[in-house]
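Peer 1: got a predicted model here, sequence first, then my questions.
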Amino acid sequence: MDEEELKNYEKAGKIAKEIREWSKSLIKPGKKLLEVAEEIENKIKESGADPAFPVNICVNDVAAHYTPKFNDNLELGENDIVSIDIGVHVNGYIADTAYTIDLSNSYKDMLKCNQEALKEAISLISPDTSVSEIGKVVEDVTASYGYKPIENLTGHQIERYNLHAGISIPNIEVPYDWKIKEGMVLAIEPFATDGYGRVLESKIAEIFSLKAFKSCRLKEGRLLLKKLEPRKGLPFAKRWFSKDISPLKLDLVLRELVAIDAIKPYFMLHEKERGKVSQFEHTVIVLEDGCKVIT
């Protein structure tokens, strides 16, 4: 990794960390999810960066891939457990971080074990560490508190304009032994649950990413593809374009673009047994003798 790349990653990480800590004050009963998402995304832009993906706000049994709709009226409740996943990019260099707040004060142990699992996983990261070793420590720490990791959600390698590149970092022990290499950028994100320990896809998709530029029948589809060019494949929210294209037409456009394989939908994921879910995440750069947390 050259000096310019490192500088961009560190800037993205610094902004992500600052916004993560600032955003915690937004998470309170009665606050609308849409307001939280928009305030965080606007703060990222004000900080001289851009969202690497739409802010994910996952409540209770929802584990991943939920961002509010353009007219979302959902509010946080006093008994909710709320996970916020934030991505920041500077010139395509991405930092990814997440945290969970328990408004009910009923899941302190689950959050504690989740944070400990993240800390222990990061402590193992250095060149030639097996990803299975990392998954095993997450699984063991989580189980020691009586909870389960989410077996089919993983951390991931990050590259420029590529949020999920190369290897995955499992949250359970696995039968393959991919190795960590110096210079890799990794998002380490254990999840914990009091449910089954697996997520299922819903039919709800508010997040998409561009796969390929293809000929689109609708002129609004061509407009959308043009507007997506600067993101170079990074995920986007449907609501980001609700002022450019009417909501009804936007649904038709997205449906057509999915059908012709021009864009990919990210369906909301929920815990199999509707168990509560928590998530904590940092982005790290692998060094010669360990790793550096940039978030």
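Peer 2: Sure, I can see it.
Peer 1: just the pLDDT for the residue lying closest to residue 27 once chain neighbours are set aside.
Peer 2: Using CB to CB, 6 or more residues apart in numbering and skipping the chain neighbours, the partner closest in space to residue 27 is residue 101 (4.6 Å). (C-beta placed from N, C-alpha, C; glycine too.) Looking at residue 101, its pLDDT is 99.
Peer 1: CA atoms of the strand or helix carrying residue 11 as PDB?
Peer 2: Taking DSSP states H and E as the criterion, residue 11 maps to helix 3-23. Provided in PDB are the C-alpha atoms of helix 3-23 (Å, rounded to 0.1, in the frame of the first residue of the first chain):
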ATOM      1  CA  GLU A   3       1.500   6.500   1.000                       C
ATOM      2  CA  GLU A   4      -1.400   8.100  -0.900                       C
ATOM      3  CA  GLU A   5      -3.700   5.000  -0.400                       C
ATOM      4  CA  LEU A   6      -2.900   4.900   3.300                       C
ATOM      5  CA  LYS A   7      -3.600   8.600   3.700                       C
ATOM      6  CA  ASN A   8      -7.100   8.200   2.100                       C
ATOM      7  CA  TYR A   9      -7.900   5.100   4.200                       C
ATOM      8  CA  GLU A  10      -6.900   6.900   7.300                       C
ATOM      9  CA  LYS A  11      -8.900  10.000   6.400                       C
ATOM     10  CA  ALA A  12     -12.000   7.800   5.700                       C
ATOM     11  CA  GLY A  13     -11.400   6.000   9.000                       C
ATOM     12  CA  LYS A  14     -11.100   9.100  11.000                       C
ATOM     13  CA  ILE A  15     -14.300  10.600   9.600                       C
ATOM     14  CA  ALA A  16     -16.100   7.200  10.100                       C
ATOM     15  CA  LYS A  17     -15.000   7.100  13.800                       C
ATOM     16  CA  GLU A  18     -16.000  10.700  14.500                       C
ATOM     17  CA  ILE A  19     -19.400  10.200  12.900                       C
ATOM     18  CA  ARG A  20     -19.900   6.900  14.700                       C
ATOM     19  CA  GLU A  21     -19.400   8.500  18.000                       C
ATOM     20  CA  TRP A  22     -21.400  11.700  17.100                       C
ATOM     21  CA  SER A  23     -24.300   9.600  15.800                       C
END
